[in-house]
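S.K.: Predicted coordinates and the sequence they were generated for:
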Amino acid sequence: MSERLRILICDDVREQRLIAATALRHELSEEFEIAIEEAPDGQAALDLLRQGGFDLMLLDYRMPKLDGLEVLRERQRLHLEVPVVFVTAQADRDIIIEAMKLGASDFVAKEEFAAQRLPQVVRSSLERARLKSDVARADKLAAIGTLAGGVAHEFNNILQVILGQAQFALTREEPERWKRALEQARDAAEKGARIVRQLLSFTGSSKSAPVKFKLEEAVQEALEMEQVLARQDGVELRMTTRQSPVILGDRVQLVQVLLNLLTNARHACVAAATRGADYRGRIDVTLDADDEHARVSVSDNGIGMGPAAMRRLFEPFFTTKGSLGGRVFDGKATGTGLGLSICQRIAAEHDGRIDVSSVPGRGSTFTLQLPRAHRFSRCETRKRKTALESDRTTTVVDPEVKGRSVLVLDDEPLIAGLVSSYLGEKGLHCDVALDIEHARSLAASRGYDLFLFDLSLPTGSSADLLRELRQQTHIGVPALAMTGHGASDSDQALYQAGFRSILRKPFVMSEMGRMVLDTLRSHAVK
């Protein structure tokens, strides 16, 4: 099956749009499944681009309302990343140069539509876009490789705490000492879970819906990830919190932005280490806010930048680190110039921005500014805090749900047993299945009030099993999902299959218990 190619043609003259579309279909239909959409003016083109999904835009220069250059400027401001082939009636050199500066990938004259020139330009523009994407992916993989050493180090420390405290607890006779030791083991495991979430966010394999959270928490996550590498490079990290504002946003993406700013600051300090033996790299992170905005400033005493670099800093593929031109650290090229352009785009998507100031030889300061979430409920803060602390409370059986039955499906016996035991203490009756067939057999032999299914099973699909059971023997029975994977676009399909909520492993047991009990309470007994 041919690769699908979605092209937007923007020209105020209908005949010109038709000529371009005919030429593209004639020359490219053997390589691609062509889908063409038309825009009669610049504003219509921008509206379509905002919807996303286009592989390329053919943009005419002379149009009423917004001309082609104005469309390019607005596209750049809105961070609408799609390759653009700029179209002119005449080969006006100055106009073409300006279009290329504004991000056009190539240009073509209208008289060349019927010739081979237009398809060739489209092919080359698409190829350049693919190469940029490949370079971005390679850069991210290289960065992940660098981070892996730090992650391994952190995990060894975490495992030491867990194993050591567990062994300590087993040798003590005083229950209170057991409790303290096991609490420390639990805290270490929660730290390990945070590191996994950070790594998932950095790889892009985990997506998050916008939520309200304290910006300080995201800063701390990024600092934890960067700390080991900074220590190895002899760079001191310091944090000052003047205010701890709450914001609304994609926490995963914002941690990635902060991590990128910290990594760039560390690289600048490493590059400045040639100043002499007395030099000590330092990064100061400051969190502050006013009535409307929250700000995180990342300041370093590294090499700094001059005006020429500052002007191009947020351009895609501009770098001061050597990979595509610029400085080289430790004899190795270290950057593709994609990090800051992506960070600025993410900030813009959150109605924020990144500002920078720098002095050559003295250092730089990057400031991430984001709008505050004024209507954040204190109840939500207390609720999240309670979720982490309620494991310390005494188990209380709720008479409203006592004796209700739950089918737990997980191919990991230790996890299935742990969940079953915990829910049993809450007064529920739990049956455990380790595979799809066992779960199907149990469901055929008795009725259940709730299903709690793991999603990653080697023997089949939990979603398919749920659909089957809800259509046959357990119509309308609620279900919750468990998974070790991050959030993704496939979550919507799980909700459509009948799952009410998704628990991300490793989860707090009290959080899981509360979700199960709340679901049972809200579902009337039949």
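M.R.: Yep, that arrived.
S.K.: Return the backbone torsion pair for the closest residue to residue 404 other than its chain neighbours.
M.R.: Nearest non-adjacent residue to residue 404, counting by C-beta to C-beta, 6 or more residues apart in numbering: residue 449, 4.4 Å away. (Glycine included, C-beta is placed from N, CA and C.) Torsion angles at residue 449 (phi, psi; degrees, to the nearest 10) stand at phi -90, psi -20.
S.K.: Please apply the same query to the one 5 residues further on.
M.R.: With angles defined as degrees, to the nearest 10, residue 454 shows backbone torsions of phi -80, psi 150.
S.K.: With residue 76 instead?
M.R.: Dihedral angles (degrees, to the nearest 10) for residue 76: phi -70, psi -40.
S.K.: Just to check, it is in contact with residue 103?
M.R.: Yes: the pair residue 76 / residue 103 is scored as a contact, 5.6 Å apart, by C-beta atoms under 8 Å.
S.K.: between these two, which one's more packed in?
M.R.: Ranked by neighbour count (other C-beta atoms under 10 Å), residue 76 and residue 103 place residue 103 first, with 18 against 14.
S.K.: residues contacting the more buried one?
M.R.: Counting by C-beta atoms under 8 Å, 6 or more residues apart in numbering, residue 103 makes contact with 72, 75-76, 84.
S.K.: Spell out the secondary structure type for it.
M.R.: coil (DSSP: H, G, I helix; E, B strand; the rest coil).
S.K.: Next one, pLDDT for it please.
M.R.: pLDDT for residue 103: 85.
S.K.: follow-up on the earlier one: pick out the most distant pair among the contacts of residue 103.
M.R.: Across those, the two members that end up farthest from each other (C-beta to C-beta) are 76 and 84, 10.1 Å apart.
S.K.: Quick check: the gap between the closest residue to residue 72 other than its chain neighbours and residue 84.
M.R.: Computed as C-beta to C-beta, 6+ apart, the closest residue to residue 72 that is not its neighbour in sequence is residue 102, at 3.8 Å. Distance of residue 102 to residue 84, given as C-beta to C-beta, to the nearest Å: 9 Å.
S.K.: need the helix or strand of this protein with the lowest average pLDDT.
M.R.: Least confident helix or strand, the chain: strand 325-326 with a mean of 32, by mean pLDDT, DSSP states H and E.
S.K.: Pull out the buried members of the contacts of residue 103.
M.R.: Neighbour-count burial (16 or more other C-beta atoms under 10 Å) applied to the contacts of residue 103 gives 72, 75, 84.
S.K.: In helices only, show me those.
M.R.: Counting by DSSP state H, the buried ones among the contacts of residue 103 place 72, 75 in helices.
S.K.: The buried ones among the contacts of residue 103 into TSV, with extra columns for pLDDT and distance to residue 34?
M.R.: Shown next, in TSV, are the buried ones among the contacts of residue 103 (pLDDT from 0 to 100; distance: C-beta to C-beta, whole Å):
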residue	pLDDT	distance to residue 34
72	92	24
75	88	22
84	91	18
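S.K.: so which of the buried ones among the contacts of residue 103 would you say is closest to residue 252?
M.R.: Nearest member of the buried ones among the contacts of residue 103 to residue 252, counting by C-beta to C-beta, is residue 75, at 25.6 Å.
S.K.: What are the boundaries of the strands in the stretch 51-200 of the chain?
M.R.: Ranges of strands in the stretch 51-200 of the chain, per DSSP state E, counting those that start in this stretch, are 56-60, 84-88, 106-109.
S.K.: Tell me the confidence at residue 156?
M.R.: 56.
S.K.: re the thing from before, shouldn't the residue nearest to residue 72 be in contact with residue 70?
M.R.: No: if you go by C-beta under 8 Å, residue 102 and residue 70 don't touch, sitting 9.5 Å apart.
S.K.: sorry, back to before: distance to residue 125 added to the buried ones among the contacts of residue 103, as a markdown table?
M.R.: Converted to a markdown table, these look like this (distance: C-beta to C-beta, whole Å):
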| residue | distance to residue 125 |
| --- | --- |
| 72 | 14 |
| 75 | 15 |
| 84 | 8 |
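S.K.: Appreciated, that's everything.
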